[in-house]
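K.L.:
Below: sequence and its predicted model.
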Amino acid sequence: MAFGINIPGDLKLPEKTATIAALSISGIAAALTFKRLLDAKRRLPLPPGPPGLPIVGNVFDIPEEDFWWKYKEWGDQYGTDVIYLNILGADVVVINTLAACRELLEKRSAIYSSRPELPMMNDLIGFDWDFGFIPYGDEWKERRKVFAQAFGPKEVEQLRPKLMKAVRRLLIQLLDEPENFREHIRLLSGAFILDISYGLEVESHDDVFITQAERGMAAMAAAGTGISYVVDLMPSLKVLPSWFPGVHFKKDAAAWRPHVLAMAREPLKYVEDRLRSGEARSCLAAKLLQELDEDDEKYPEKRKVIHDVLASIYAAGADTTVSSVATFFLAMAQNPNIQAKAQAVVDEALADQGRLPDFTEHKQLPYIEAVVREILRWRPVAPVGVPHALTEDDVYNGYRIPAGATVLSNCYAIAHDPEIYGPNTHLFDPARFMNPEQTEIRQGAPMGYETFGYGRRICPGLVSAVETVWLVVISVLSAFDIKMEGKVGEGFGKYSKWDVDPPTPIHSEDCSTVERGGGAR
Ligand code: HEM
């Protein structure tokens, strides 16, 4: 019933008529007030932003590189923490401050937690199994719940032996082929995820499951999240046939789709086969599948949830972890003094122990904790987060934010905000998290976790990701010196115009590991 009002059945007819009339009048009045509020809301201005051109809007205003600084600069120029951009008619809102992220993405998360439509990524390439890309709603909630149960702090603790194994193998590979450190990091991340998800024992880069997953990830990187393909800006184009002139996106999608579907389908089938033959190794897939009843009429849907959640772990966790670990190598190569200080801390903790670091040292070494926080802060993996989408019209600071707007959080600008992280945020300096004596993490120090996003869609793999970075950091520091090698490149580590004292720009490929106490290998 409209407005949810029940009329008692024992009322007499005139009373009923009067009651109905009264209710109708108050209903109409409420509807009019609501409409007036809505109209007033719609008359409010959009947040300020660069003026843009007709039809294309701000497409040509956005620089290809370091666009997060441009977003911040516009915010400062217009005196607002939320700016508006029009991208070929689509509403895009960028949040430049932590306070505004908290207000909008956290406090108002009920309406800021969807995702924009991603026709290329989801419908055409086939990533609709990745719950990180699907809209807010029941399907997302169900998957997120299963994920959260598998990655709570206690569950992550149980994954530690598998993580230790992966990191120890990384050390051996660094010893054998330090110049291929990037490949080794990729294998560390992918192999650990395939082990915990499906119990797969991946030993080398040529492993069939790794190859399959990496092909899928290459498709994801090429598709981008939103504006790499014209179909993302004009979803209606997806109905065009692939022979239609200029419809490259369909050909690309057709080439990638089989890999993207296989990376989710094949490892799960492998576990199912192993369960039937009684040979399944302990892993999330085995645990979740064993909880299902094949006679349950909802079995196919429940199996699909497991399929989606497990594959999302690789899709969301592999490249992001690789990127953070690569930042560690870069930061150490650029900052030998910090590396030496961190190594001294590790050496002292392990003196006379005759072993490599393990979780005994976890949370015992504040400076290493600060190094990890600084890695995550200094070069956020997703500089403007993963786009959120607003599901209802909203008003912020007198500005209208329209329903359907894509909402970006400028994590990079926030992670470099001197009011949160102190001076010289362009520099890699773990000391910013420490107390003046440099003995403990300073009380009230921020976590440095802007890189994990905000609100209901915040990275649910955070605890596992931080533990992985931590174990790599402490293990590599205990065994190797990381030094720059050969020519000094350009581009990676490029500093922004805000930087006063830029670090030497280098490519992360130019780093090399040197066995501690030994010569360059
Ligand atoms: C340092 C490594 C990582 C970084 C920087 C990172 C960052 C992020 C970010 C920025 C988001 C989007 C948050 C938002 O929308 O506000 C996200 C989502 C997600 N991450 Fe991570 N992540 C990392 C590692 C991982 C790992 C290891 C896993 C799995 C174990 C994981 C699983 C996920 C999932 C499933 C989502 C989608 C959540 C949703 O849409 O509800 N991430 N991550």
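P.N.:
Here it is on my side, so go on.

K.L.:
The protein: strands as residue ranges?
P.N.:
Counting by DSSP state E, the chain has strands at residues 82-87, 90-95, 388-389, 394-396, 399-401, 406-409, 480-484, 511-515.

K.L.:
Now tabulate these in TSV and tack on mean pLDDT and distance to Glu440.
P.N.:
The C-beta positions use only the backbone N, C-alpha and C, and glycine is treated the same way. As requested, the strands of the chain are exported to TSV (pLDDT from 0 to 100; distance: least, C-beta to C-beta, whole Å):
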stretch	mean pLDDT	distance to Glu440
strand 82-87	96	36
strand 90-95	96	32
strand 388-389	98	35
strand 394-396	98	38
strand 399-401	98	41
strand 406-409	97	30
strand 480-484	94	26
strand 511-515	54	30
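
K.L.:
would you turn those into a markdown table with mean neighbour count and distance to the ligand?
P.N.:
Below are the strands of the chain laid out as a markdown table (neighbours: other C-beta atoms under 10 Å; distance: least, C-beta to the nearest ligand atom, whole Å):
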| stretch | mean neighbour count | distance to the ligand |
| --- | --- | --- |
| strand 82-87 | 24 | 16 |
| strand 90-95 | 24 | 11 |
| strand 388-389 | 24 | 6 |
| strand 394-396 | 16 | 17 |
| strand 399-401 | 21 | 17 |
| strand 406-409 | 25 | 7 |
| strand 480-484 | 21 | 19 |
| strand 511-515 | 20 | 19 |
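
K.L.:
With distance to Leu124 as extra columns, can I get the ones you listed in CSV?
P.N.:
Formatted as CSV, these follow (distance: least, C-beta to C-beta, whole Å):
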stretch, distance to Leu124
strand 82-87, 20
strand 90-95, 18
strand 388-389, 19
strand 394-396, 30
strand 399-401, 29
strand 406-409, 19
strand 480-484, 41
strand 511-515, 37
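
K.L.:
Tell me which residue of the stretch 101-250 of the chain lies closest to the ligand.
P.N.:
Across the stretch 101-250 of the chain, the shortest distance to the ligand (C-beta to the nearest ligand atom) belongs to Gly132, at 3.1 Å.

K.L.:
For the chain, which residues are neighbours of the ligand?
P.N.:
Within the chain, the positions near the ligand by C-beta under 6 Å from any ligand atom are 132, 144, 147, 151, 312-313, 316-317, 320-321, 324, 381-382, 385-386, 388, 451-454, 457-461, 464-465.

K.L.:
Quick one: residues in contact with stretch 243-260.
P.N.:
For stretch 243-260, contacts defined as C-beta atoms under 8 Å, 6 or more residues apart in numbering pick out 120, 124-127, 212, 215-216, 218-220, 222-223, 229-231, 237, 240-242.

K.L.:
Average pLDDT for that stretch, rounded please.
P.N.:
The average pLDDT within stretch 243-260 is 88.

K.L.:
Now do the buried residues in it.
P.N.:
Val247, Phe249, Lys250, Asp252, Ala253, Trp256, Arg257, His259, Val260 (16 or more other C-beta atoms under 10 Å).

K.L.:
same check, this time on stretch 322-336
P.N.:
For stretch 322-336, the neighbour count (16+ other C-beta under 10 Å) marks 322-335 as buried.

K.L.:
Stretch 416-435: which residues count as buried?
P.N.:
Neighbour-count burial for stretch 416-435 flags 416-417, 420-421, 425-434 (criterion: 16+ other C-beta under 10 Å).

K.L.:
same deal with stretch 174-187?
P.N.:
Leu174, Pro178, Phe181, His184, Ile185, Arg186, Leu187.

K.L.:
Can you convert those residues into CSV and add a column each for pLDDT?
P.N.:
Below are these laid out as CSV (pLDDT from 0 to 100):
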residue, pLDDT
Leu174, 97
Pro178, 94
Phe181, 95
His184, 96
Ile185, 96
Arg186, 96
Leu187, 96
